[in-house]
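Participant: I need the structure of the sequence given here:
(chains A, B, C and D)
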Protein chains: 4
Amino acid sequence: MLEKLLRLTRKARGDRTLEPLLESCRLLISERGQANVYALAVRVIEGYRQVSAARREAFFAALATEFSPDPEAVLNAATQYAQAPTAQHLAVLTQAVESPRQELIRRINRAPGGTSMLLAMRVDLLGLRKGNPELAAVDADFLHLLTSWFNPGFLRLERVDWQSSAALLEKIIHHEAVHEISGWNDLRRRLQPDRRCYAFFHPQLRDEPLIFVEVALVDEMADAVAPLIESTPDAPDANGAKTAVFYSISNCQPGLRGVSLGNFLIKKVAAQLKTELPQLKTFCTLSPIPGFVRWLDKASTEETGEWAGPLQRVAAWRQRHPVLAEENITHMPKPLRQDLISLGARFLVKQSHEALGDPVARFHLDNGARLERINFAADLSKKGLKQALGLMVNYQYDLSEVELRHQEFVNQKVSHSTAVRRLLKPQA
Amino acid sequence: MLEKLLRLTRKARGDRTLEPLLESCRLLISERGQANVYALAVRVIEGYRQVSAARREAFFAALATEFSPDPEAVLNAATQYAQAPTAQHLAVLTQAVESPRQELIRRINRAPGGTSMLLAMRVDLLGLRKGNPELAAVDADFLHLLTSWFNPGFLRLERVDWQSSAALLEKIIHHEAVHEISGWNDLRRRLQPDRRCYAFFHPQLRDEPLIFVEVALVDEMADAVAPLIESTPDAPDANGAKTAVFYSISNCQPGLRGVSLGNFLIKKVAAQLKTELPQLKTFCTLSPIPGFVRWLDKASTEETGEWAGPLQRVAAWRQRHPVLAEENITHMPKPLRQDLISLGARFLVKQSHEALGDPVARFHLDNGARLERINFAADLSKKGLKQALGLMVNYQYDLSEVELRHQEFVNQKVSHSTAVRRLLKPQA
Amino acid sequence: MLEKLLRLTRKARGDRTLEPLLESCRLLISERGQANVYALAVRVIEGYRQVSAARREAFFAALATEFSPDPEAVLNAATQYAQAPTAQHLAVLTQAVESPRQELIRRINRAPGGTSMLLAMRVDLLGLRKGNPELAAVDADFLHLLTSWFNPGFLRLERVDWQSSAALLEKIIHHEAVHEISGWNDLRRRLQPDRRCYAFFHPQLRDEPLIFVEVALVDEMADAVAPLIESTPDAPDANGAKTAVFYSISNCQPGLRGVSLGNFLIKKVAAQLKTELPQLKTFCTLSPIPGFVRWLDKASTEETGEWAGPLQRVAAWRQRHPVLAEENITHMPKPLRQDLISLGARFLVKQSHEALGDPVARFHLDNGARLERINFAADLSKKGLKQALGLMVNYQYDLSEVELRHQEFVNQKVSHSTAVRRLLKPQA
Amino acid sequence: MLEKLLRLTRKARGDRTLEPLLESCRLLISERGQANVYALAVRVIEGYRQVSAARREAFFAALATEFSPDPEAVLNAATQYAQAPTAQHLAVLTQAVESPRQELIRRINRAPGGTSMLLAMRVDLLGLRKGNPELAAVDADFLHLLTSWFNPGFLRLERVDWQSSAALLEKIIHHEAVHEISGWNDLRRRLQPDRRCYAFFHPQLRDEPLIFVEVALVDEMADAVAPLIESTPDAPDANGAKTAVFYSISNCQPGLRGVSLGNFLIKKVAAQLKTELPQLKTFCTLSPIPGFVRWLDKASTEETGEWAGPLQRVAAWRQRHPVLAEENITHMPKPLRQDLISLGARFLVKQSHEALGDPVARFHLDNGARLERINFAADLSKKGLKQALGLMVNYQYDLSEVELRHQEFVNQKVSHSTAVRRLLKPQA
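Facilitator: As a prediction, the model looks like this:
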């Protein structure tokens, strides 16, 4: 693998576009560049803009080889530190281990538009990583610094509503990843007084939302998504609501993949809503189960034991309905419904720690939420039918318990309600 | 030295205030704390607030020992990386070397008021470092993260003027470090149309200036400070000015010591002034020479060769005037003036790279400025007389040459004008 | 007529809803009400909200009778003033003539929401005036005060663009009166860099545009509207444009009818564009001729003389095409086109001072614009075909000549270009 | 008197500066000027700027004669209206009576800076009125329009605090009319958490406060001013306060004399404080009695009856202390104190309706406040001693009763507390 990197690096050094760019990078982090960071960073940014997609891998490969820490220097410093862990030795060690790439990234960040450019570079890099795992080291430096810079303490939480600019709302429409927004009228419903939308912004990226969450303020824990997003002539205000349902959370910046913002966003919004509307008693989600059908497919052929019955019954029904439509679900016989819900519970409680488990479940359980209820026929959109046969889940957030529940989840336990526990005994 | 740390650490662990605080710190960076960062960070902040000054050293000592990287793990990772410098090994190495303190600092930063608290903690830490050099490792982690967070790309440059809030202006009065501001009327002069003041702000510290610079917009390169700050009945507007004189630059946040902002501030302000007032031709400073008299004292007794004459003549004059007053300088005989100016040039050109050289000279020369002119009787304040017998310097910034000049300075050369060169031949 | 007023006033005084409202009005302007204006004004506003549509005429009738100046007092004061026009007598006269309604309106205006309510009341009043001309006196008071309060010196000119709030943009879509905006995508075209939209706002009506104008920044004076509003994949920026075409101007507040804002808006926007884009040479409109077909209908039957020929030819063609479609116009034979354009010129030059002339022409000519060019097949929308057989006009604004041209218009002359003059000789 | 006006008018018409200005005024309100209001208004404003102080009277005289309504036209219109009070006749009458000056003022107001200029013109005019009472008619037009434009519904209430701009705070220091602010430190005390300052602003005069009020939030109704304005090391927050004491109210715009804003300001601030701090129970003032000593002087020589005793005793004491110092008051014998307080009550309760009564009392009583308490040795400043021998008053505002109390005051009654009533029986 390293050979590939070295080959690409040689290619970069012989390239008419890349070599000047690398030279600018070297100058930017050199002693001499020190006094001229701003101008040199602008030069790197403009240089990168002119690199064609086909050449980018070579550029990042050069970053991976030439701009990495020197192994020999690292070993010397580590040996000294092991002999005497003094402040002095630690300082030398830290400096030896930090790759010059990090300083490069930090200095690019100082130019106007630097932060945006780094996000764009990382999107390119993420695309290349699949074919070239050794680029992981470069990506690790990007991720390390982006995590530090986009830490929630520096982000601004803002409510998005009908007073927001069209430019921002357009981005919300574009990035909604869970329940598609089909246009401005559809959006308007989600911004009425009994709905909320909050986004995180970074001071350096003025009008670019980083992540946003949509909340419905309702009486009871919602058991289906359609009533939450269907347009309604007159929306009530939020003053009577007892429950805040987080029904959608979407990332807007692919360049921030791996920078965890959702956890903090949910908790900050919950805290803010609680302050504004003290009568709110329950904070929960209405979440999809994107991994459910994938698991069913696998489990149906593998599983024996007490769950074999339900699995086979559901599999048989699915074979009878190869192309699912809304009515197939709504007309499903009652015992089969029960099988389906039980299997949902089984999947989420037992499989959430596995690599092939449900990513949404893992996200909320790891945040310290509790698996509260499985809802039948809750998402009858095409996507909802295909991924989860219409099932959805409520995860419940109790801010005073998230710490404990997260710890349980780390210890391989999934917190769940009594109602869910009852489902874990399958029908014969 | 390490023994002292370990003794203090034991003390901390047995302390009724410190042990709970350390326990909060451990929890905050633990797996379990993950889901509750916000609340735990608040707990650490409040805990630290209650630590008396006398106990702080023990707390930071515990950070230095318990929250440092594990030497054995570091050595293993370094050895592996030395054998095969793969992305995988680099990732393991990086993680092994990063002290858990850094994650602690990052998580404290997420709480509201976290950034302010970290700056306050660092002020405490800087105070303790003198008596306990091993705390340098803890300080290095603070400095590393603060440098990353307070990078100029994230800072907001703002003009400070009479439209600014009284709360902000009061801080400007308080922090002016070069030429004292004696009150609101004195301040007003510095904010009139032919004067400018610019400050950097961080998004997380709304109304706290980090550093500010004061600029006089005048016809010619100023040769004395009094005319720049004396109140005047009717200040002209800035449209006729040809020269921008940076006559004062002051840091406001002692917790940011070592985070270099001044270099970037001067260049950004120069660029902005150039855009706003294209007729400006010269950007220079009018700077003190705080190290001059200290050097004179030393050199007078040590120096032989061609500079011995001027040194002795000045020393003799100084003995005749043990307590300096303004008139002593203004009545100084002409040949002696010449000696003094020449010695100033000699000092700045030859000594600026030495540890005991002039810090202000080092700052501007390292930024890529040129030593342009030495001014006699330029600062007749008490401080100016005492530090430099009234001498001041103009450093000149030419944005198109800062890179080269900085490089020269790194290579032990001091860029200077022809006029200064002429001074380097002392009178017999 | 006055009898009707008196009858309605009696009805109001006997009414369970109206009498308390009138009583609040009396109290509000009474001596006693003085100290409680705020609360009493709120009471009047809430009282009026509960008056059903059917009862409003009686309410306004009561305002017309009970809240009018006392004829006898007026006559006394006028007689005194005629005998000796002193300041003292003028003061008495002025007070005698001002109807108590004005003070009522002024005091209603002090309550929060007062201005909005007055605009709503005026909309009601304008609806009632048609059936009851004596209400004109009440309306005159509204108009007098609204004109004073909404004088352009107090209005804020703001650019409307994609950064504006969705709430505002929605109102722009709704109120566009000239060339319908069919939705958000349609609107976006009108806010791209080579288009502009500006609106006037009143400080008391935060997010309510009063009137707005849409401008296209193009190379040459536009001769058709479709290219100005059709969506285009990539709009150029405005830096190359030489001509600003005002292609739409719409009022948003029916309660401000008669308060002239358009004149000032056009001139202020022209001045602002000139400052921002100094390369702009020509400021003109592309305007409809809403009165053209109405005049054709009339003139065809009445006119003799040299214009009889063209009139009859056009009339014959129209009879052949009773329902007009786009292609009828685009396929019109050339001589007939010439007839049509000439008739357009004839109509606008000769009829613009008449009551049945064209209101748009009157607006621009009275503003001091010049009739510059008649455009064939310029507006092929249904409305454009129906009102003006597709014709549109360019009125040209030269800010240095508006005063003279307005004066000419007042003196019954219509300023027009040489090209238009040539059209005034009809073909045989 | 009219002759003087006519003579001045003739002078104006023959003047090289004034005649062109008058000509601009004529053009501005002419038919022709209609299309060019903006440019012509700018011309009038610039013209007036060049009129020397000595020529202004002639200018205003010309406005008083040439720009007044035509007496004959007025009489005709009034006669017609008296014969038939129709809407039509009222319209003609209204137009005939409105002086062309009003339209002139309205049009000047449309130019940028127009409002400021009108306020400056009015200050000039007020200065001239004393020597030329016939200018009252011109002033009446200014006052009429300014009252309409500066009606409280259009004003913005803003809190002034340490976050306000230095430019604004400087104006507060400058305009404080009741208890002088001696500098920035003195000001700071008045902006601490347990003090408030609120000002009215007009949208057209961005940073110009119109009027401001200072409030102390304290436990009990204050009986002396010094504790309210003396600097204090640590001011408490306002959460425990039960009483809001309005201790100073100052106008900032002499050009708005006669436009009543104070009444509305006090009530709006009281309402806002009540919302923000619901625990506030009492809203009162601590007010000077500027007319007290003036009345004493007069009453001592005139009054017989039961009040002659106290009057003579106080007069005798004053003769013994021709130059008053603080200690004279604080050492005053108890019976004499009682005399003094009683006389204060007597003066305020019985004399407040008279022309020579106390203007501050009239202001608050007319606003609907109640005379609550007379405080001995409450204002020991030079001014306080001279005007009122140190006495101050609390007027109490109860928003639910202001209407009734105002009505009582109009009916020649002064609302007062039981405590004050008891004072109205003098000691023998």
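Participant: Poorly predicted segments of chain A, please.
Facilitator: Along chain A, segments meeting pLDDT under 70 span A:1.
Participant: Could you find the residue in it that comes nearest to chain D?
Facilitator: Nearest residue of chain A to chain D: A:Pro278, at 16.6 Å (CB to the nearest CB). All C-beta spots, glycine's among them, are computed from the backbone N, C-alpha and C.
Participant: For that residue, grab the count of nearby residues.
Facilitator: For A:Pro278, the count of nearby residues is 8 (other CB atoms under 10 Å in any protein chain shown).
Participant: does it count as helix, strand or coil?
Facilitator: Using DSSP: H, G, I helix; E, B strand; the rest coil, the structure places A:Pro278 in coil.
Participant: Most proximal residue of the stretch 251-400 of chain A with respect to chain B?
Facilitator: A:Gly368 (3.8 Å).
Participant: Quick check, that residue in contact with B:Gly33.
Facilitator: No: A:Gly368 lies out of contact with B:Gly33 (CB atoms under 8 Å); the separation is 10.9 Å.
Participant: Need the residues touching each of those two.
Facilitator: Overlap between the contact sets of A:Gly368 and B:Gly33, as judged by CB atoms under 8 Å, 6 or more residues apart in numbering or on different chains, is given by A:Glu403.
Participant: Same drill for those two, tell me which one is more crowded.
Facilitator: A:Gly368 (27 against 21).
Participant: Domain ranges for chain A, per the record?
Facilitator: Here the domain parsing of chain A from automatic domain parsing is A:2-149, A:153-285, A:292-423.
Participant: Report the next helix or strand after the helix of greatest length in chain A in sequence order.
Facilitator: What stands out as the longest helix in chain A, according to DSSP state H, is helix A:334-351. Under the assignment DSSP states H and E, the closest C-terminal helix or strand after helix A:334-351 is helix A:359-366.
Participant: Now that next one: buried residues?
Facilitator: Within helix A:359-366, the residues that qualify as buried are A:Val360, A:Ala361, A:Arg362, A:Phe363, A:His364, A:Leu365, A:Asp366, counting by 16 or more other CB atoms under 10 Å in any protein chain shown.
Participant: got a list of contacts for the host helix or strand of A:Ser250?
Facilitator: Assigned by DSSP H and E, A:Ser250 falls within strand A:243-251. Residues outside strand A:243-251 that contact it (CB under 8 Å, 6+ apart): A:175-179, A:196, A:210-222, A:225, A:228-229, A:257, A:261-262, A:265-266, A:269-270, A:273, A:280-286, A:394.
Participant: where does the residue of the stretch 251-400 of chain A closest to chain B land in three-state SS?
Facilitator: Look at A:Gly368: counting by three-state DSSP, its state is coil.
Participant: and what of A:Val393?
Facilitator: Using three-state DSSP, the secondary structure recorded for A:Val393 is strand.
Participant: State the distance from it to C:Arg49.
Facilitator: 47 Å (CB to CB, to the nearest Å).
Participant: where does chain A come near chain C, residue by residue?
Facilitator: Counting by CB under 8 Å from any CB of the partner chain, chain A comes close to chain C at A:Trp162, A:Gln163, A:Ser164, A:Ser165, A:Ala166, A:Ala167, A:Leu169, A:Glu170, A:Gly183, A:Trp184, A:Arg188, A:Asp207.
Participant: so who does A:Asp15 touch?
Facilitator: Shown in contact with A:Asp15 (CB under 8 Å, 6+ apart): A:Arg55, A:Ala58.
Participant: please redo it, this time with the cut-off set to 10 Å
Facilitator: Counting by CB atoms under 10 Å, 6 or more residues apart in numbering or on different chains, A:Asp15 makes contact with A:Leu21, A:Leu22, A:Val51, A:Arg55, A:Ala58, A:Phe59, A:Ala62.
Participant: The last one falls within a helix, correct?
Facilitator: Meaning A:Ala62. Yes: using three-state DSSP, the assignment for A:Ala62 is a helix.
Participant: and the residue lying closest to it once chain neighbours are set aside, what element?
Facilitator: Distances taken as CB to CB, 6 or more residues apart in numbering or on different chains place A:Ala12 nearest to A:Ala62, at 4.2 Å, with adjacent residues excluded. Element membership of A:Ala12 [criterion: DSSP H and E] is helix A:2-13.
Participant: centre of the chain versus that helix, how much separation?
Facilitator: Distance, stretch centre to chain centre, for helix A:2-13: 32 Å (CA atoms, centre = their mean, to the nearest Å).
Participant: Show me what that helix is packed against.
Facilitator: Packing partners of helix A:2-13 (3 or more CB pairs under 10 Å, 6 or more residues apart in numbering or on different chains; DSSP states H and E): helix A:18-29, helix A:56-66.
Participant: Dump those helices to JSON lines, plus mean neighbour count.
Facilitator: Putting the helices and strands packed on helix A:2-13 into JSON lines (neighbours: other CB atoms under 10 Å in any protein chain shown) gives the following:
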{"stretch": "helix A:18-29", "mean neighbour count": "19"}
{"stretch": "helix A:56-66", "mean neighbour count": "23"}
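Participant: can I get the ones you listed in CSV with distance to D:Ser99?
Facilitator: Output for the helices and strands packed on helix A:2-13, formatted as CSV (distance: least, CB to CB, whole Å):
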stretch, distance to D:Ser99
helix A:18-29, 73
helix A:56-66, 77
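Participant: Which stretches in the stretch 151-300 of chain A count as helices?
Facilitator: All helices of the stretch 151-300 of chain A, identified by DSSP state H, counting those that start in this stretch, fall at A:166-175, A:184-189, A:226-229, A:262-276, A:292-302.
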